[in-house]
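# Sharing a model prediction with you, sequence too.
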Amino acid sequence: MLKAAAKTAGGCSPNDLYQVQKSRGRQTWKVIADVVAPDPGDPEAVLRQGAEPGLGDLTYQIERSGLPALRAAGGAKPSPARTDWSAGEVIPALRQTASVLIVHGYGHNYRDWIPADKHLFEAFLGRPVEIEGETVAGTWLWHDSADGRQVIYCHALSGAISHAYLDGVRDLVQGFLSAT
């Protein structure tokens, strides 16, 4: 996840949240708040205007393909140029302050995304990785850690993910953060 700069060109701060009404599924920002919020009993606290910490203080978020989709399964794999830029420019900046990288969403088939995403994981962890994964609540997930950093590669954190799967992702994040 990537966080915006302190003020963007549009004058927004990192804690600004653009509400998008959805008729079904879950909103990504709310699910991410649920995963990273310090108080699991009140994850929406980080979404409130003026919250300290706010979601923008806790997370960084980018669309790694540069082509956002309205549905998680409609996403496009990142181009080699986008992946190289992310691994060479974005990830080194993240490593200065971030300890957990959650890469969520991989279109219809995570295997198609692995080569590009693996490049990002290796840049974040600072070493080669092997992606094998496991099944959590019936859905594929992979994680690894090194030198005080953790990568979690999971299903899109929106839409029709199960509560058990979300609990598994949250447990990985919170368990790692409390151990560091």
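Everything's here; your move.

# Can you point out the buried residues in the worst-scoring helix or strand of the chain on mean pLDDT?
Among the helices and strands of the chain, helix 55-58 carries the lowest confidence by mean pLDDT, DSSP states H and E, at a mean of 81. Residues of helix 55-58 classed as buried by neighbour count (16 or more other Cβ atoms under 10 Å): 55-56, 58. From N, CA and C alone the C-beta is placed, and that goes for glycine too.

# I'd like these written out as CSV, with distance to residue 148 added.
Shown next, in CSV, are the buried residues of helix 55-58 (distance: Cβ to Cβ, whole Å):
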residue, distance to residue 148
55, 22
56, 22
58, 17
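
# Counting neighbours, what do you get for residue 63?
Close neighbours of residue 63, defined as other Cβ atoms under 10 Å, add up to 14.

# can you check residue 135 too?
Counted with other Cβ under 10 Å, residue 135 comes out at 9.

# which stretches of the protein have low pLDDT?
The model of the chain has pLDDT under 70 over residues 1-26, 67-75, 107-108.

# Confirm residue 144 sits in a strand?
Yes. Assessed with DSSP: H, G, I helix; E, B strand; the rest coil, residue 144 lies in a strand.

# one step back: gap between the least confident helix or strand of the chain and the chain center?
Averaging C-alpha positions (Cα atoms, centre = their mean, to the nearest Å) puts helix 55-58 12 Å from its chain's average.

# CA atoms only for the very next helix or strand once past it, dumped as CSV, please.
Sequence order places helix 80-85 as the next helix or strand after helix 55-58, per DSSP states H and E. Output in CSV follows, covering the C-alpha atoms of helix 80-85 (Å, rounded to 0.1, in the frame of the first residue of the first chain):
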residue,chain,number,x,y,z
PRO,A,80,7.3,-4.2,-17.4
ALA,A,81,8.0,-0.5,-17.4
ARG,A,82,5.6,0.2,-14.6
THR,A,83,7.0,-2.8,-12.6
ASP,A,84,10.6,-1.6,-13.1
TRP,A,85,9.6,1.9,-12.1
